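>>> Quick one, what's the 3D model for this:
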Amino acid sequence: MEKGGVDYSVLGSFSEADKGKLTALIEGSLNKNLISSYYDTTIPKLIVIAKEKGDYLGAAIIEEITPEISYIDKFVVHPDYKRNGIGGNILDIVEEHCPEHILRAKVANTHQGIYEKKGYQHSQPLGGWIAYWKGLEGANLSLGMNYALNKHETVEVRK
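This is a model prediction of the structure:
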C-alpha cells in the first residue's frame, strides 16, 4: 500500500525485512540498543514497515499473545519523519490486521498523544509503564495487560 509517497509493507517474518535497516531505525528512534538476542527470541505475528526509496521511515513489530490478542512490541518512526502521518498510518494497518491489541510505553515517553488521538484506552502508570489498548475488554484485557506489563526489556541503554 502506498500513501503520500510512502510505501507500507506487511511482512510475516524478520527474514522478509532488511534487519540492518530495521535495527538502525529502532535504535535511532529509541536512542537505545536492541538486545543481541532480539531477532532470535522474538517471533513476529507481523511487521509493518513504512519506507521511501528503500529507506525505513517507520515500523511496528507485532507479537501474538493468543490468536485473538496481539502485542505491539516495537512502534517507531524515524525522528526526521515524526508528525507526518506515518505513525498513524502504521497503527491503522496494525488495527486492520490485529483488531485486539495492546502495547506499553514508558511513562516518560513524550509521543503518547498519538495513542489517545487514535482512540486507544489506557491504564494508569504501572511500574513505569502505561498500557494502551484497542478492542480488548474483560479476560482478554487482563491477559493482554499481564503480558505487556511483564514482558522483559528488549532494548538497553547505549554504552
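>>> The most centrally placed residue in the chain and Gly138, how far apart?
Centroid check for the chain by Cα atoms, centre = their mean gives Phe75 as the closest residue, at 2.7 Å. Separation of Phe75 from Gly138 (Cβ to Cβ, to the nearest Å): 25 Å. Where you see a C-beta, it was placed from the backbone N, CA and C, and this is true even at glycine.
>>> can you list the weak-confidence ranges in this structure?
Within the chain, no stretch falls below the threshold (pLDDT under 70).
>>> What residues sit buried inside stretch 81-101?
81-82, 84-87, 89-91, 93-95, 98, 100-101 (16 or more other Cβ atoms under 10 Å).
>>> coming back round to it: list the residues that contact the residue nearest to the centre of the chain.
Phe75 makes contact with 59-61, 87, 90-91, 103, according to Cβ atoms under 8 Å, 6 or more residues apart in numbering.
>>> tell me the residue furthest from the middle of the protein?
Lys159 (23.9 Å).
>>> circling back: ramachandran angles for the residue nearest to the centre of the chain?
phi -140, psi 110 (degrees, to the nearest 10).
>>> for Tyr38, same thing?
Per-residue torsions, Tyr38: phi -50, psi -50 (degrees, to the nearest 10).
>>> try Leu22
phi -70, psi -40.
>>> pretty sure it contacts Lys51?
No. With contact defined as Cβ atoms under 8 Å, Leu22 does not reach Lys51; the gap is 10.3 Å.
>>> Same drill for those two, tell me which one is more crowded.
Leu22 (22 against 17; other Cβ atoms under 10 Å).
>>> As a check, name the ranges of all strands in the protein.
2-3, 6-11, 32-34, 44-52, 55-64, 70-77, 101-106, 121-122, 129-134, 155-157 (DSSP state E).
>>> The first one: how far from the chain's middle?
Between the mean C-alpha point of strand 2-3 and the mean C-alpha point of its chain there is a distance of 19 Å (Cα atoms, centre = their mean, to the nearest Å).
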